[in-house]
Structures are given as structure tokens and as C-alpha cells.
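In: Sharing a model that was predicted from the sequence below.
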Amino acid sequence: AQSVTQLDSQVPVFEEAPVELRCNYSSSVSVYLFWYVQYPNQGLQLLLKYLSGSTLVKGINGFEAEFNKSQTSFHLRKPSVHISDTAEYFCAVSEWNNNDMRFGAGTRLTVKP
Amino acid sequence: NAGVMQNPRHLVRRRGQEARLRCSPMKGHSHVYWYRQLPEEGLKFMVYLQKENIIDESGMPKERFSAEFPKEGPSILRIQQVVRGDSAAYFCASLGTSGRRTYNEQFFGPGTRLTVL
């Protein structure tokens, strides 16, 4: 079964600084990868997803992620963050041959002025 | 096209009462997932259902919790004899298919925040 590890539970950064949120996965088959964002007291919203093709995926709000098969990673990046990016970010993995999705524990991004 | 709907958004129960959480998937979606998010914790998978079938309930507590997704109507997550530790946000997500192809993106509802007094 697939699993996901988000290496940082909290990431504080200053506004306009770059940020990287780390995600590693484990699976014995091909996978699909996702990043979701959760703003306070709201549900999860899809930021971006990797299904196939180019390993660099661009999402909403200026975020991007790179799929690295050899390192089994799917790190999320943004070159310059805003206060409004303060939220919880979840990495998720789904195996190609089933519909189950597993989530990481989440990374709380706090952007300071 | 309405998104995933959950109701109620907030639910308060006293210990020992029953909680019923409802989820209406996106139109045309026949797969529903339930997740629990405890305070300051991540999202934990509970159960995966298709219409009238439980596909995977490996994340469901063995007692007091049950889920269904009938042929007609919303999916229901039922918690009997609630305890304080059941206080959490419960999220529903739905997933669509087209013919034999399944789209793996799950669409989430806004959640039901259960508080057990």
C-alpha cells in the first residue's frame, strides 16, 4: 500500500521569500501525486497534480512541484510567498491501479510580514 | 455544477448521543471517501464507498462507526454513542469516472465539525 511522508510539520517564512514543502512517498507501483491546500476552517482544495508526462507541474497561486521518481519525492515550491499563502498543505498519493488516496500529515505554512 | 456538499457544517452532541453526517457527492460521481481530521493533526482515511458497496473500511474504528452510500440519497457517516475523542472535522470527498476510466482527483466538501460535550 502507498504511503506519504511530509518531512516538515511547520514551515515559517517571511513574505516574498521562497519556500519548499517536502513530500516523499512509498509505493511498489506507478503513482499519481497531489498537493492540496486547506485554509482555516475550510475543506481541501487541489493545488496541483502529477498524473504523467512532464515531471514539473504548475498549479494555482504560483505553486509548482517536481516529481522525482528516483528519489520518490514530490516537493512543492513557490518562489515568492504572500501572507495569503498561510495555510495547511497536504501531499497525497494514489496508485494507478486503485482509487485509494493516502495523505501526509500536513505542513503548516506560516507567512510572516 | 454544485460541488461536494456536506451537512451539517457544525454539529454538537453530548456524550452517548448519535451523530449523523451527510455527504452529497458531485453530480455524476459514484465514489465517496470519508476522512477525519483531529485537531492539530493531518487527514486520516476512514472509508471508501461506491454506490451500495463498501470498498475499503480499513480506516474505520471497529466499534460505533458505520458508513453507507445508498443507491439514492447522500452518503451517511454514523457515529453511535459519541465520546469526546470523536470531536474532529469530518471531510467527505468524491471522485468521478467516465466509462472505464477513473479520474483520480478527489473533490472535497467543506467538512462537518463535530463537537462532543
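Out: Yep, it's here. Numbering: from 1, shown residues only, chains lettered A, B, ... in the order given.

In: Spell out which residues of chain A are next to chain B.
Out: In this structure, chain A approaches chain B at residues A:6, A:32, A:34, A:36, A:41-46, A:49, A:51, A:90, A:94, A:99-106, judged by Cβ under 8 Å from any Cβ of the partner chain. Yep, even glycine has a C-beta here, placed from its N, CA and C like the rest.

In: Give me the residues contacting stretch A:15-26.
Out: If you take Cβ atoms under 8 Å, 6 or more residues apart in numbering or on different chains as the criterion, stretch A:15-26 is touched by A:2-8, A:11, A:13, A:31, A:33, A:35, A:65, A:71-83, A:85, A:89, A:91, A:93, A:104, A:107, A:109, A:111-113.

In: What about those residues, which are in strands?
Out: A:3-5, A:11, A:13, A:31, A:33, A:35, A:65, A:73-78, A:89, A:91, A:93, A:107, A:109, A:111-112 (DSSP state E).

In: Provide a ChimeraX selection command restricted to the buried entries of these.
Out: Buried subset of these, written as a ChimeraX selection, criterion 16 or more other Cβ atoms under 10 Å in any protein chain shown:
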select /A:4,11,13,31,33,35,65,73,74,75,76,78,89,91,93,107,109,111
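
In: Filter the residues of chain A next to chain B down to the buried ones and express that as a PyMOL selection.
Out: The following PyMOL line selects those of the residues of chain A next to chain B that are buried, judged by 16+ other Cβ under 10 Å:
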select buried, chain A and resi 6+32+34+36+43+44+46+49+90+94+99+100+101+102+103+104+105+106
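
In: For chain A, what's its nearest residue on chain B.
Out: Closest residue of chain B to chain A, Cβ to the nearest Cβ: residue B:42 (3.6 Å).

In: Leaving out the residues flanking it, which one is nearest to that residue?
Out: Distance criterion Cβ to Cβ, 6 or more residues apart in numbering or on different chains; nearest residue to residue B:42, sequence neighbours excluded, is residue A:105 at 3.6 Å.

In: ditto for residue A:76
Out: Once flanking residues are discounted, residue A:76 sits nearest to residue A:21: 4.3 Å by Cβ to Cβ, 6+ apart.
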